[in-house]
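> Need the 3D shape of this:
(chains A and B)
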Amino acid sequence: MLDVKMIRENTEKCKKRLALRGKSYDIEIDQILALDDKRKEIIAKVEGMKAQQNKVSKQIPQMKKAGEDTAAIMAEMKKLSEDVKQLDADRTVVEAELQDVLLIVPNVPADEVPAGADDAANPEIRRWGEPVQFDFEPKPHWDIGGDLGVLLPDVAGKVTGSRFHFYRGLGARLERAIISYFLDTHSDEQGGYTEILPPFIANSASMTGTGQLPKFSEQMYQLGREDNDLYLIPTAEVPVTNMYRDEIISNEALPVRYTAYSACFRREAGAAGRDARGLIRQHQFNKVELVNFAAPEDSWNQLEKLTNEAERVLQGLGLPYRVVCLCTGDIGFSAAFTYDIEVWMPSYNRYVEISSCSNFLDYQARRANIRCRDAAGKPQYAHTLNGSGVAVGRTVAAILENYQNVDGSVTIPEALRPYMGVDAIK
RNA sequence: GGAGAAAUACCCAAGUGGUGAAGGGGCUCCCCUGCUAAGGGAGUAGGGCGCGAAAGUGUCGCGAGGGUUCAAAUCCCUCUUUCUCCGCCA
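All right, here's what the predicted structure looks like:
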């Protein structure tokens, strides 16, 4: 969430940058400032009264000891106590209202984020590799996998419903190999990440901390009955970032770099008909995530490193990709700046998102109360970053398509052969 | 899932309604001692929020949230976590 002080000092700029996301937040910004004014007014009043309360409460036992009558002063204090209680209640209401508004205002896009309405306006930053030229008609991955018997797209329908997949034989093994390859690569000397295996369920406080709640509850699977507070995670970003909720990270530990595999669960509400076939858009998919906690002055540097780490695994697999910078209309709710990595997908005849690397600045840290210390030793909000490193199902799709052969077989990229034990799926 | 116990600072820990939340360890500084050990003294409750240019100052903090009371670490309620035992289980 945004810093009220920052909003106060940069009101017009905030409004202007937020509006470039495609929706005006002028009303919310004005509400925030008004509620904060009201909050301060109540605090000034009630704390003066509490000081009086404290002072008199210390006198009462002395008076009693001296044998004086305290009935009158106690009656007076009772009245004061009631007024304090009322003002405290008012304050709770105002602060809850303020919090409610703060939680639905997205992060302000960083100055470097280009203005634009949607993904068509995302500038390309760089490309790696060349899209394969096939001398035959390439097939989409669902046909390749289906023909090889390693993907069973129709079976999940009766077990769960659409947008789920069974993998079979070397297909299942390929998914597992990719997870291991990603984790091993990120954890190696060059990657420098520590592996985490988190719970795949998180509570609402955690979901709020990273920005999924309160605004995007319709995108998540909630567990159990109405009184249950648990959700299936949409990304390992949620449990791993929230490891440090309400903590002060010692500065010697920074930057904290974690890589985590998890299954991810998304309802994909509003995505009806999009990417209906294949592994591109699933309700449950696997992902290896990179999560980073950085000192504020270091976070932009860490974003470049993190993005390069995500690119490294695609390079290792020989998959052509490009990096784009998300424009103001396409950037996610909590992010201040995002690079997307898009892998070449022959069946789409274009690049398809396979990783999203973002700097959240202190937006998540303020929500989740994640802090480090400044040069003077005072606590300050840390910066959080994360990126897919990368989406596993989409990697399977990309390998099947980019490494397909005319006879219907798929060559296994060099880097995965130690994990696969075979050099092709036939 | 059932029963019991617990939660106070970096650690241990006292504190059953009343003026500044004991004490010890550790840590920091100082004194003494040619070094070390031992000894002596002082400091050490974080953090949030408010006011203030600042120095400061006020307020809230005893697991969390409510309640009772003029006044709560202390009494009451709800919740969380940890420990022990039982049950169940990969």
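
> mean confidence for stretch A:314-321?
Averaging pLDDT along stretch A:314-321 gives 97.

> Also stretch A:5-17?
Stretch A:5-17 carries an average pLDDT of 94.

> same check, this time on stretch A:111-125
For stretch A:111-125, mean pLDDT rounds to 96.

> my guess is A:Asn203 meets A:Leu232, correct?
No: with contact defined as Cβ atoms under 8 Å, A:Asn203 does not count as touching A:Leu232 (11.7 Å). (Glycine included, C-beta is placed from N, CA and C.)

> Look at these two and report which has more neighbours.
A count of neighbours by other Cβ atoms under 10 Å puts A:Leu232 above the other of A:Asn203 and A:Leu232, at 20 against 17.

> A:Asp423 is in contact with A:Val410, isn't it?
No: using Cβ under 8 Å, A:Asp423 is not in contact with A:Val410, being 10.3 Å away.

> the more surrounded of those two?
Counted by other Cβ under 10 Å, A:Asp423 and A:Val410 do not tie: A:Val410 has more neighbours, with 23 against 12.

> nearest spatial neighbour of that one, skipping sequence neighbours?
Spatially, and ignoring its direct neighbours in sequence, A:Val410 is nearest to A:Ile425 (4.6 Å; Cβ to Cβ, 6 or more residues apart in numbering).

> burial count for that neighbour?
The number of residues packed near A:Ile425 is 24, by other Cβ under 10 Å.

> ok, now A:Arg163?
20.

> quick one: secondary structure of it?
coil (DSSP: H, G, I helix; E, B strand; the rest coil).

> okay, and for the stretch 151-300 of chain A, where does confidence drop off?
Along the stretch 151-300 of chain A, segments meeting pLDDT under 70 span A:225-227.

> so which residue of it comes closest to RNA strand B?
When you check the stretch 151-300 of chain A against RNA strand B by Cβ to the nearest atom of the strand, the closest residue turns out to be A:Ile248, at 7.1 Å.

> pLDDT score for the nearest residue to that residue once chain neighbours are set aside?
Excluding its sequence neighbours, the residue lying closest to A:Ile248 (Cβ to Cβ, 6+ apart) is A:Arg371, at 4.6 Å. For A:Arg371, the pLDDT comes out at 89.

> Check for me that A:Arg371 belongs to a strand.
Yes: using three-state DSSP, the secondary structure at A:Arg371 is a strand.

> tell me the contacts of A:Ile249?
Taking Cβ atoms under 8 Å, 6 or more residues apart in numbering as the criterion, A:Ile249 is in contact with A:Val256, A:Phe293, A:Ile370, A:Arg371, A:Cys372, A:Ala382.

> most neighbours, which of those?
Neighbour counts for the contacts of A:Ile249 peak at A:Ala382, which has 30 neighbours (criterion: other Cβ under 10 Å).

> Roughly how far does it sit from A:Lys139?
For A:Ala382, the distance to A:Lys139 equals 47 Å [Cβ to Cβ, to the nearest Å].

> interface residues of chain A facing RNA strand B?
A:40, A:43-44, A:47-48, A:50-51, A:53-58, A:60-62, A:64, A:74, A:77-78, A:81, A:85, A:89, A:92, A:377-379 (Cβ under 7 Å from any atom of the strand).

> what about burial for the residues you listed, which qualify?
The neighbour-count test (16 or more other Cβ atoms under 10 Å) marks A:Val56, A:Met77 as buried among those.

> Inside helices: which ones of the residues of chain A next to RNA strand B?
A:40, A:43-44, A:47-48, A:50-51, A:53-58, A:60-62, A:64, A:74, A:77-78, A:81, A:85, A:89, A:92 (DSSP state H).

> A:Arg163 against A:Gln282, yeah?
Yes: the criterion here is Cβ under 8 Å, and A:Arg163 meets it with A:Gln282 at 5.2 Å.
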